[in-house]
Structure formats: structure tokens, C-alpha cells
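Chemist: With the sequence up front, the predicted model follows.
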Amino acid sequence: MAIAAHPGDAIFSMGPAVAQHIYNGGSGVLVSLSLGEKGARTVTPAEYGQMQREAMNKAAKAIGAVAEFLTYPDAEIPSGDRIAYEVCDLIRKHRPRVVVTHWQGSWHKDHQNTFLVVRDAIFYGGLNAIKRDLPAHFASRLLFAENWEDPANYRPDLYLDITTVYDAWIKACEAFPMWEGGNGKFRYRDHYQSLAVMRGTLAGCKYAVTLMKDPGERGPVLRQLG
Ligand SMILES: [Zn+2]
């Protein structure tokens with residue numbers, strides 16, 4: 001399960017890992033906490049929000065994932081228990097083993113709050129003593145996706161070969177007009193395509209993405225050193 005502040009983050013940054021997981025026989029959910037509706041200059045937020053929702057549904061379908069939306073206002077995604085319980089309910093509904101989200105080292109407040117919300121939602125999701133409509137489920141692994149807006153102290157701990165799903169992922173990204181960039185907008189396509197190539201060179205494959213482990217995650221247990 002990918003949990004993103006905005007639909008673009010869910011597919012551009014977290015999407016390749018989800019697509020690879022689905023390709024390998026798993027299932028995937030792309031959660032957006034807002035519609036990212038304030039990101040257009042020439043279209044009203046209401047219209048742009050609808051466009052973003054349609055693009056996200058199309059993109060999710062292209063990689064075989066399910067899209068879920070919480071429609072908190074773009075640029076005003078809160079932290080706190082109300083939103084954390086809503087995300088907890090989505091975790092209990094879909095029962096993911098792995099959650100991918102934003103790293104906290106972001107200059108974007110929506111991304112920072114998403115980091116905080118996901119941390120609490122995983123905790124609440126796994127607690128039997130917290131009664132919600134659905135039974136508890138603990139998502140046992142938390143990972144952070146590489147994102148141009150979340151660079152502070154990001155550490156590429158894991159390299160994931162995404163070569164087999166690269167074309168499907170690009171097609172999914174193309175559902176979003178903002179993917180192309182230009183006219184003063186960030187060049188998403190150039191950035192994330194180049195990053196996949198660059199990470200691939202380091203991983204020894206054609207295309208790769210990196211993920212950061214939760215700093216609280218314990219390391220592997222070794223039986224012996226050599
Ligand atoms: Zn974002």
C-alpha cells in the first residue's frame with residue numbers, strides 16, 4: 001500500500017514499487033490523502049480535483065492497483081487522530097504487509113504531515129484494543145519512497161529492479177498532465193525517468209528505484225559473521 005499526500009506522489013514516486021509488487025503476484029493500493037486540486041493555474045480547484053481523481057483511477061488501473069482517496073484539502077492536509085483513524089481503517093480494509101509513504105525530510109508540509117499520519121495509522125491499525133469497524137491488522141514493514149520534494153537525509157537503503165514494469169509505470173504516469181512539466185512547472189517526467197536510469201546503473205539493471213528503511217527497523221539477525 002502506497003500512502004501519498006497527492007495523487008502524483010502515489011504514482012510517480014511510490015508507483016514503481018507497487019507495480020513491481022503486483023507484477024510479482026501481490027496486490028497494490030494507491031492511497032491519496034488529497035486530490036492535489038490546488039496545483040493548476042488555469043483550472044479551478046474543483047475541476048482540477050476531478051481531473052486528478054480520474055487520472056489516478058486510470059493510472060492505478062494501468063499497473064493493476066486499486067485507488068483510494070481521502071479528500072482533505074490540498075496544501076492543508078492535517079496531522080492528528082481524525083485523519084490517522086481514517087488511514088487506519090484503510091489499512092484494516094486492505095491488510096497490506098508493506099506500506100510505502102513519504103520520508104519526513106520534506107519541505108512540503110502535506111508530505112511531512114502524511115509521514116506523521118501514516119506512522120500513527122500503522123500503530124492504531126495493529127492494536128486489537130482499538131475498536132473500529134474492522135479487525136486489527138499490523139502492516140509489519142514501513143518504507144519511504146524517493147521523492148524530489150522529500151530529500152533531507154533521505155538514504156537509499158534498498159534498490160528495487162523495476163525493469164519489468166517500467167513501461168506500464170510510464171503509461172500510468174502519462175494519465176497526469178502534470179507529468180510532462182514545462183511552463184515553469186517541475187519536470188516530473190525528466191526527473192523520475194532519469195532517476196530510474198541512474199538508480200538502475202547503480203543496481204546493475206536497466207531501471208530501478210530506491211527505498212529507505214524505517215530508521216526504527218531492526219537489522220537482520222545473523223547466525224554467524226562469515
Ligand atoms: Zn506531493
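Modeler: It's in. Numbering: from 1, shown residues only.
Chemist: all contacts plus neighbour counts: C-alpha atoms, from now on.
Modeler: Fine.
Chemist: end to end, how far does stretch 11-28 reach?
Modeler: 12 Å (CA to CA, to the nearest Å).
Chemist: Mind telling me what element residue 169 is part of?
Modeler: In the assignment (DSSP states H and E), residue 169 maps to helix 166-173.
Chemist: Figure out how far that helix is from the centre of its chain.
Modeler: 15 Å (CA atoms, centre = their mean, to the nearest Å).
Chemist: With stretch 137-156 instead?
Modeler: The answer for stretch 137-156 is 9 Å, by CA atoms, centre = their mean.
Chemist: For whichever strand or helix holds residue 113, which outside residues touch it?
Modeler: Per DSSP H and E: residue 113 is located in helix 109-126. With contacts defined as CA atoms under 8 Å, 6 or more residues apart in numbering, helix 109-126 is touched by 3-5, 33, 74-81, 83-89, 91-92, 101-106, 130, 136-139, 150.
Chemist: Show me what the mean pLDDT comes to for the helix holding residue 169.
Modeler: If you average the pLDDT over helix 166-173, you get 98.
Chemist: same deal with stretch 87-97?
Modeler: For stretch 87-97, the mean confidence score works out to 98.
Chemist: Mind listing what's buried along it?
Modeler: Under the neighbour-count criterion of 16 or more other CA atoms under 10 Å, stretch 87-97 has 87, 88, 89, 90, 91, 92, 95, 96 buried.
Chemist: Just the strands from the chain, written as ranges.
Modeler: 2-4, 29-34, 66-72, 98-101, 141-145, 158-161, 208-213 (DSSP state E).
Chemist: on contacts alone, who are the packing partners of the fifth one?
Modeler: What it means is strand 141-145. strand 98-101, strand 208-213 (3 or more CA pairs under 8 Å, 6 or more residues apart in numbering; DSSP states H and E).
Chemist: okay if I get these as CSV plus distance to residue 56 and mean neighbour count?
Modeler: Output for these, formatted as CSV (distance: least, CA to CA, whole Å; neighbours: other CA atoms under 10 Å):
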stretch, distance to residue 56, mean neighbour count
strand 98-101, 16, 22
strand 208-213, 20, 24
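Chemist: Distance to residue 23 for these - can I get that in TSV?
Modeler: Shown next, in TSV, are these (distance: least, CA to CA, whole Å):
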stretch	distance to residue 23
strand 98-101	15
strand 208-213	15
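Chemist: Excluding residues flanking it in the chain, which one is nearest residue 105?
Modeler: Leaving aside its sequence neighbours, residue 105 sits nearest to residue 152 (CA to CA, 6 or more residues apart in numbering; 4.4 Å).
Chemist: What's the local residue count around that neighbour?
Modeler: Residue 152: 12 surrounding residues under other CA atoms under 10 Å.
Chemist: any idea how far residue 89 is from it?
Modeler: 30 Å.
Chemist: same deal with residue 138?
Modeler: Counting by CA to CA - residue 138 and residue 89 are separated by 12 Å.
Chemist: can I assume the residue nearest to residue 105 is in contact with residue 102?
Modeler: No - if you go by CA atoms under 8 Å, residue 152 and residue 102 don't touch, sitting 11.6 Å apart.
Chemist: For residue 68, list each beta-bridge partner.
Modeler: Beta bridges link residue 68 to residue 31 when assigned by DSSP bridges.
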